[in-house]
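K.L.:
Following is a predicted model, sequence given first.
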Amino acid sequence: MEWLGDEMNIIITNSSGLPIFEQIENSIKKAIFSNDLKEGEMLPSVRSLANELKISFLTVKRAYDELEKAGFIKTIQGKGSFVAPKNLDLIKEEKLKEIQDYMEKIYEITKISNISKDEVEELFKMIFEEEL
């Protein structure tokens with residue numbers, strides 16, 4: 001299922017392993033991070049997005065509720081949901097948490113595979129040097 005709006009591209013897949021509301025949430029976060037959705041911009045209504053994606057409006061509502069709890073959007077009763085002002089600390093914290101999760105997975109792989117910290121650091125240095 002896919003919804004292509006002016007501001008965002010939401011693709012829902014059964015094979016992703018993530019609940020649908022998280023897929024919606026992640027798509028909207030990505031659009032906010034990439035500035036495809038800008039501060040103050042109105043999101044589609046819960047019902048219209050649910051209709052476009054052919055899913056329950058309760059699923060979209062849950063995604064919007066989670067986004068609001070995390071500070072990404074602001075809902076005004078009777079008016080709709082809007083992209084909240086960007087909180088750079090919030091964005092940085094979210095990205096640090098994501099990096100931490102990946103690093104924990106890397107650590108587990110190193111333990112299982114008998115890969116040393118030095119080998120991982122060397123790989124990391126190589127990756128960063130390619131970016132320059």
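P.N.:
Cool, got the structure.

K.L.:
Break the chain into its domains for me.
P.N.:
According to automatic domain parsing, the chain comprises the domains 2-83, 88-131.

K.L.:
how far is the last one from where the chain is centred?
P.N.:
Between the centre of domain 88-131 and the centre of its chain there are 19 Å (CA atoms, centre = their mean, to the nearest Å).

K.L.:
So, low pLDDT: which residues of this structure?
P.N.:
1-8, 131-132 (pLDDT under 70).

K.L.:
Tell me how far the residue nearest the centre of the chain lies from residue 121.
P.N.:
Central residue of the chain (CA atoms, centre = their mean): residue 26, 2.8 Å from the mean position. Distance, residue 26 to residue 121, by CB to CB, to the nearest Å: 30 Å. Where C-beta positions appear, they are placed from N, C-alpha and C, glycine not excepted.

K.L.:
Residue 53 now?
P.N.:
Separation of residue 53 from residue 121 (CB to CB) stands at 43 Å.
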